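Participant: Sequence first, then the predicted structure, then my questions.
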Amino acid sequence: MKRLLFITSIVALMLLSGCMERGQHAYVEDLAMVSSIAFDYIDEKSVKMTVSIPHPTGASQEVTQHYSVDTELIQEGFVQISSKADKMVILNQLRTLLFSEEFAREGQVTEVIKHFYRNPKVGNNVQLGIVKGSAEEILKSDFPDKPSTDTYLYELLSPKLHTAFSPFTTMHDFLYTETNPIFYSTVPYLELEKDSVKIESIALFDSGKMIDTIAEKESSYIQALKGVVKLSPLEISFGEQDAKGKVHIELIKSKAKITSNKNMESPKVSLQLNLQGALSEYKGKRDLQKMREYKALEKEVSKQVKKEIEQLLAQLQKLEVDPIGISEEFRMYHKGKWTEELTKKIIQNVKYDVQVEFKLLNTGILK
């Protein structure tokens with residue numbers, strides 16, 4: 001009798017398991033796997049959300065389908081999109097989030113990212129981008145020489161040597177800097193051109209709100225001061241009269257050293273930056289076959305980089321943001337809890353001493 005009951009129980013469990021599997025199993029054809037999402041500002045309550053859903057080959061005449069809805073709640077928007085797509089919307093394949101500049105300046109980016117960050121099905125390496133104009137327009141644009149817009153955007157926002165000026169911010173990176181009183185967030189700023197999307201500059205954030213942008217070269221300097229060893233190519237114009245010229249330098253290696261006087265009432269910071277690079281192209285009147293002229297060019301480049309870094313630091317100080325993390329040099333010597341107010345105090349009052357030494361490793365094309 002006991003044996004019969006045991007066998008009956010096993011059979012019942014198997015049948016229930018089979019029923020559950022059949023009920024829960026979902027085929028790829030029944031799913032709408034979102035790859036990219038764009039957010040555009042409507043008003044304080046509503047947002048325009050556009051999703052990009054690639055389809056398997058042969059499943060649709062369109063390689064990618066787009067759906068746009070106006071919604072107050074993100075999850076409510078997905079319900080509306082599911083009714084349009086006639087499929088279950090899932091976020092397992094989400095790779096890119098785009099926000100219009102207007103949306104970012106209204107300070108709503110952080111809440112949106114937190115929503116996706118809390119979703120266990122969304123990976124932390126989702127790439128972020130701020131868009132000049134309409135984010136929806138970029139997502140729905142067609143780039144004939146690219147396999148798909150989704151893949152193109154993801155690869156554009158992924159690290160590469162020639163775009164090392166960009167912070168390539170992921171959801172994880174953004175939330176880390178937003179919740180850390182030392183750092184300020186930076187996100188690539190995109191602009192739609194005729195047949196491509198360009199990383200035009202870098203957006204600066206303060207307390208979750210976009211406040212300004214900085215150029216590619218300035219972002220390269222920030223990366224160098226943050227300790228990034230290999231930088232993207234650098235173009236520098238310098239000098240006056242006969243010494244006026246322009247250089248293009250590649251294979252740049254950097255080494256930065258930042259020290260402070262540890263005095264929060266009268267903060268001073270010394271920044272020492274050593275750069276090495278190969279001169280790929282030079283346009284000017286110096287005869288680089290002569291060692292004296294060669295060394296003079298190194299000094300000119302060092303002087304110009306120092307000037308540009310000082311201008312960048314002045315701009316950041318005026319904006320009261322610190323994407324480099326300068327205040328860390330004071331926090332590590334501070335007793336007690338560090339707050340964002342203390343970081344602001346350092347930024348507003350700090351005095352910088354910048355020293356740059358540039359070494360050319362070899363010469364390339366000379367004009």
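Facilitator: Alright, I've got the coordinates.
Participant: Low-confidence bits of the stretch 251-367 of the chain, can you list those?
Facilitator: 363-367 (pLDDT under 70).
Participant: Okay, helices next: where are they in the stretch 51-200 of the chain?
Facilitator: 74-85, 101-105, 109-117, 135-140, 149-156, 171-178 (DSSP state H, counting those that start in this stretch).
Participant: Report the angle between the last one and helix 109-117.
Facilitator: Right, the one you point to is helix 171-178. Here the directions of helix 171-178 and helix 109-117 differ by 140 degrees (axes from the mean of the first three to the mean of the last three CA atoms, to 10 degrees).
Participant: got a list of contacts for helix 171-178?
Facilitator: Contacts with helix 171-178, where a contact means CB atoms under 8 Å, 6 or more residues apart in numbering, come from 97, 109-110, 113-114, 116-117, 122, 124-126, 128, 167, 183-187, 205, 208. Where you see a C-beta, it was placed from the backbone N, CA and C, and this is true even at glycine.
Participant: Equivalent analysis for the longest one, please.
Facilitator: By CB under 8 Å, 6+ apart, the surrounding residues in contact with helix 74-85 are 32, 47, 49, 51, 53, 65, 67, 69, 71, 88-89, 112, 115.
Participant: Try it again at 6 Å.
Facilitator: If you take CB atoms under 6 Å, 6 or more residues apart in numbering as the criterion, helix 74-85 is touched by 32, 49, 51, 67, 69, 71, 89, 115.
Participant: List the buried residues in it.
Facilitator: Buried residues in helix 74-85, counted by 16 or more other CB atoms under 10 Å: 74, 77-78, 80-81, 85.
Participant: And those residues, which is closest to residue 255?
Facilitator: Of all these, residue 255 sits closest to residue 74, with 43.5 Å by CB to CB.
Participant: ok, the closest one to residue 105 distance?
Facilitator: 19 Å (CB to CB, to the nearest Å).
Participant: coming back round to it: narrow the contacts of helix 74-85 to those in strands?
Facilitator: Residues of the contacts of helix 74-85 located in strands (DSSP state E): 32, 49, 51, 67, 69, 71, 89.
Participant: Surely residue 325 and residue 181 touch.
Facilitator: No - using CB atoms under 6 Å as the test, residue 325 is too far from residue 181 to be in contact (10.7 Å).
Participant: burial measure for residue 218, as a count.
Facilitator: 20 (other CB atoms under 10 Å).
Participant: Apologies, that question was intended for residue 344.
Facilitator: Residue 344: 16 surrounding residues under other CB under 10 Å.
Participant: same question, residue 112
Facilitator: 18.
Participant: repeat for residue 354
Facilitator: The burial count for residue 354: 18, using other CB under 10 Å.
Participant: Kindly report the same for residue 223.
Facilitator: 24.
Participant: Just confirm it is within a helix.
Facilitator: Yes - Residue 223: assigned to a helix according to DSSP: H, G, I helix; E, B strand; the rest coil.
Participant: Model confidence for it, exactly?
Facilitator: Residue 223 is assigned a pLDDT of 88 by the prediction.
Participant: And the one 3 residues further on, by the same measure?
Facilitator: In this prediction, residue 226 carries a pLDDT score of 89.
Participant: about what we covered before: for the buried residues of helix 74-85, which one is nearest residue 360?
Facilitator: Nearest to residue 360 out of the buried residues of helix 74-85 is residue 74 (CB to CB; 51.6 Å).
Participant: ok now stretch 122-131, how far from the chain's centre?
Facilitator: Distance of stretch 122-131 from the chain centroid (CA atoms, centre = their mean, to the nearest Å) equals 8 Å.
Participant: scratch that, stretch 199-212
Facilitator: Here stretch 199-212 is found 10 Å from its chain centre; the criterion is CA atoms, centre = their mean.
Participant: Could you save the ones in strands among the contacts of helix 74-85 as JSON lines and add columns showing pLDDT?
Facilitator: Below are the ones in strands among the contacts of helix 74-85 laid out as JSON lines (pLDDT from 0 to 100):
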{"residue": "32", "pLDDT": "76"}
{"residue": "49", "pLDDT": "96"}
{"residue": "51", "pLDDT": "94"}
{"residue": "67", "pLDDT": "91"}
{"residue": "69", "pLDDT": "93"}
{"residue": "71", "pLDDT": "93"}
{"residue": "89", "pLDDT": "82"}
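Participant: Neighbour count and distance to residue 342 for these - can I get that in CSV?
Facilitator: Output for the ones in strands among the contacts of helix 74-85, formatted as CSV (neighbours: other CB atoms under 10 Å; distance: CB to CB, whole Å):
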residue, neighbour count, distance to residue 342
32, 20, 47
49, 25, 37
51, 24, 41
67, 20, 46
69, 17, 43
71, 18, 39
89, 20, 44
